[in-house]
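Asker: Structure of the sequence below:
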Amino acid sequence: MKKIFYSLTILSFVFTSCSNPIVGEVIGPNNPNNPTSFTDGILKYTVTNTYNREVSVEKDTEDGPSGALDLPQIVTNDDITYTVTSIKKRGFQNCYDLTSVIIPDSYRIIDSLAFYNSSLITSISIADAVTDIKPLAFGECASLTTINIPTGTTNLASKLFFGCASLSTITIPTSVTRIDEFAFYYCPSLNNVTIPDSVLNENMGIGVFGACNSITNVTFPSTYTTIPQDTFYACNNLESYTIPSNITTISKNAFYACSVLEEIIIPETVTTIGESAFGECVNLTKVVIPNNFTSLSDNLFYFCENLKDVNIPSSLESIGIGTFYNCFTLTNISLPNSITSIGANAFGNCDKLTNFDLPSNLTSLQEGVFYNCASLTEINIPSGVRDINKNTFYGCASLTEITIPNGVTSIPEQAFYNCASLTAIVLPNNLTEIGEFAFANCYSFTSFEIPNTVTKISDKTFYQCTSLTEVIIPNSITSIGSEAFYNCSSLQNITVNLASPLNIEASVFEYINLDGAALKVPSASVATYQVADVWKDFGTITAL
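Answerer: Below is the predicted model of the structure:
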């Protein structure tokens, strides 16, 4: 039986060799599609190429080797000598006792996560023959201080040195043509890096130096026109940065959360700045914007809480959403009439902003544009404004009076919520609606005449207007929402020009002493109001 099996094996090999003459094809236990592994007790090897007798290497135990590791170039098993050409994926991950590594000339590939979180490694020497180092190969090697990038390598992979907390210097050879996203992210000791001319601008990934807390300078090639997205994200030692004159674009989040950056001068060559580029630069006090700028992007200076000095160029046409949100120190800002749009929450929480002249070409005030501008005392709304959105003046606690232009037809919800000092408001001739909480917590209102163009008083419109003593309701009103005058505790006189009493909830006048309040209605309707639910609770009901 054994003899027959042997003969069939020989015939199979001969037939394969004759019919399909591919050099290196092997049948049997050494087939590269079914690789074998072996170990020397410390390192484990896996055959990756049977014909060329190549293997990868990795640790053989959970803990892995300790001390200095000088990786072998060749290894012998069953009298066969193999060349070690690669380090396997996760090959030496979590080797907590490993202190240094030498990778010799035979190696071509260091796979992803190869030394990830081997936190005591201080130095790695890599032969220039290595051409491919995959993502996170050295990630979280927190003690790594010395490593060379081999000249055979053209790409620094994604997060290659992520979390290498002790790495302070790195030399990038001219063989490198690409640096992928977050390659040096959270290398908090890294400083003063030069990008070689071989790395093209379009091959520079996002967030490459993000959270590098010690970095004070990165030198880009003079051919660059763009600072990529998140490049200096949370670089908390970057006090100043001179943007080169060849730069035309500063991308999204480029300097986001650079907490010690104090001043930024943007050269005239820059025409585009991405959203949040300087967001949360909490110590930024001065910004010089080029004269050719036409727009400020969304959240551009978000939470720049010490920003005091910013010039707005006369060419500007738009300010984005949240552009100056939480700029607590900003007191004055001058806007040119060239501006036609200001985004939602653009000046929200600028609680030191005292006065404001809106551009004459505005047609709309977006949601929350002056949200919680608690020091704002005066503002002129241009006559061309047709639309006021919710929360526009929410929390403008120092605003005393305001005129709404005639083109506005609706006061939306919470438009003047918490405007505690507001005593006078001039409403437009064509107003048809007043939204929920529109004047809630306007504690200084003493009287309010609702225009006869308004058809509805919404829920909680005058909620807790505690100084309100007099209200005039016109005959155009068809409904009054719940808690419309909730806790208007000083309300004493209400005039209702409606022949028939509206059906309302008791909550409309909740926490008001109706026994001490006077209601005036059309003379022919006095008797009707005296028996109508809620209305009958007024202390006196008399004719107009």
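
Asker: Mind listing residues that contact stretch 131-146?
Answerer: Defining contact as C-beta atoms under 8 Å, 6 or more residues apart in numbering, one finds that stretch 131-146 is touched by 89, 108-124, 126, 147, 150, 152-168, 180. Bear in mind the C-beta positions are built from the backbone N, C-alpha and C, glycine included.

Asker: That one - what's its average pLDDT?
Answerer: Confidence for stretch 131-146, expressed as mean pLDDT, is 98.

Asker: what do you get for stretch 192-202?
Answerer: Mean pLDDT, stretch 192-202: 97.

Asker: And stretch 338-347, by the same measure?
Answerer: Stretch 338-347 shows an average pLDDT of 98 in the prediction.

Asker: Leu284 touches Glu262, doesn't it?
Answerer: Yes. The pair Leu284 / Glu262 is scored as a contact, 6.3 Å apart, by C-beta atoms under 8 Å.

Asker: what about the helices in the stretch 201-350 of the chain?
Answerer: For the stretch 201-350 of the chain, no helices are identified by DSSP state H, counting those that start in this stretch.

Asker: And the strands in it, which stretches?
Answerer: Assigned by DSSP state E, counting those that start in this stretch, the strands in the stretch 201-350 of the chain fall at 218-219, 226-227, 249-250, 263-265, 272-273, 286-288, 295-296, 309-310, 318-319, 341-342.

Asker: partner residues bridging Ser240?
Answerer: Beta bridges link Ser240 to Glu263, judged by DSSP bridges.

Asker: which ones are touching it?
Answerer: Ser240 is in contact with 261-264, counting by C-beta under 8 Å, 6+ apart.

Asker: ok, of the contacts of stretch 131-146, which come out buried?
Answerer: 89, 109-121, 124, 126, 147, 150, 152-153, 155-167, 180 (16 or more other C-beta atoms under 10 Å).

Asker: And the closest residue to Ser410 other than its chain neighbours, what's its pLDDT?
Answerer: Nearest non-adjacent residue to Ser410, counting by C-beta to C-beta, 6 or more residues apart in numbering: Glu433, 4.5 Å away. Glu433 is assigned 93 on the pLDDT scale.

Asker: can you check Asn355 too?
Answerer: Model confidence at Asn355 (pLDDT) stands at 82.

Asker: how many other residues sit next to the closest residue to Gly279 other than its chain neighbours?
Answerer: In this structure, Gly279 finds its nearest non-sequential neighbour in Tyr302, 3.9 Å apart by C-beta to C-beta, 6+ apart. Tyr302 has 25 neighbouring residues, counting by other C-beta atoms under 10 Å.

Asker: Test my guess that Tyr302 contacts Val282.
Answerer: No. Proximity of Tyr302 to Val282 does not meet the contact threshold set by C-beta under 8 Å, at 10.5 Å.

Asker: rewinding a little: show me which of the contacts of Ser240 is closest to Gly320.
Answerer: Nearest to Gly320 among these is Ile264, at 17.6 Å by C-beta to C-beta.

Asker: list the contacts for the closest one?
Answerer: 240-241, 243, 255, 278, 281, 284, 286-288 are the contacts of Ile264 under C-beta under 8 Å, 6+ apart.

Asker: got the residue ranges for the helices in this protein?
Answerer: Here the chain has its helices, by DSSP state H, at 2-19, 526-531.

Asker: list the helices and strands the shortest one packs on?
Answerer: If I follow you right, that is helix 526-531. Contacts defined by 3 or more C-beta pairs under 8 Å, 6 or more residues apart in numbering; DSSP states H and E place helix 526-531 against strand 540-543.

Asker: So in that sheet, which strands flank the strand it packs on, and in what orientation?
Answerer: Strand 540-543 sits in its sheet next to strand 518-521 (parallel), going by DSSP bridges.

Asker: The strand it pairs with: which residues count as buried?
Answerer: 518-521.

Asker: Quick one: those as TSV, columns for pLDDT and distance to Asp97 too.
Answerer: Shown next, in TSV, are these (pLDDT from 0 to 100; distance: C-beta to C-beta, whole Å):
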residue	pLDDT	distance to Asp97
Ala518	98	88
Leu519	98	87
Lys520	98	90
Val521	98	90
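
Asker: quick one, what contacts Gly516?
Answerer: The neighbourhood of Gly516, defined by C-beta under 8 Å, 6+ apart, consists of 492, 539.

Asker: meant to ask about Leu365
Answerer: Here Leu365 is in contact with 342, 358, 381, 385, 387-389, 392 (C-beta under 8 Å, 6+ apart).

Asker: For ChimeraX, what selects the buried ones among those residues?
Answerer: In ChimeraX, a selection of the buried entries from those looks like this (16+ other C-beta under 10 Å):
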select :342,358,381,385,388,389,392
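
Asker: Tell me which entries of the contacts of Leu365 lie within strands.
Answerer: 342, 387-388 (DSSP state E).

Asker: Flag whichever of the helices of the chain has the least confidence on average.
Answerer: Here the lowest mean pLDDT among the helices of the chain goes to helix 2-19, at a mean of 33.

Asker: Ile457 and Ser479 touch, don't they?
Answerer: Yes. Contact criterion C-beta under 8 Å: Ile457 and Ser479 qualify, at 7.2 Å.

Asker: In terms of neighbours, single out the busier of these two.
Answerer: Neighbour comparison, Ile457 and Ser479: the larger count goes to Ile457, with 24 against 12 (by other C-beta under 10 Å).

Asker: Name the nearest residue to the more buried one, ignoring sequence neighbours.
Answerer: Ile480 (4.6 Å).

Asker: check contacts around that neighbour.
Answerer: Here Ile480 is in contact with 456-457, 473, 502, 504, 508 (C-beta under 8 Å, 6+ apart).
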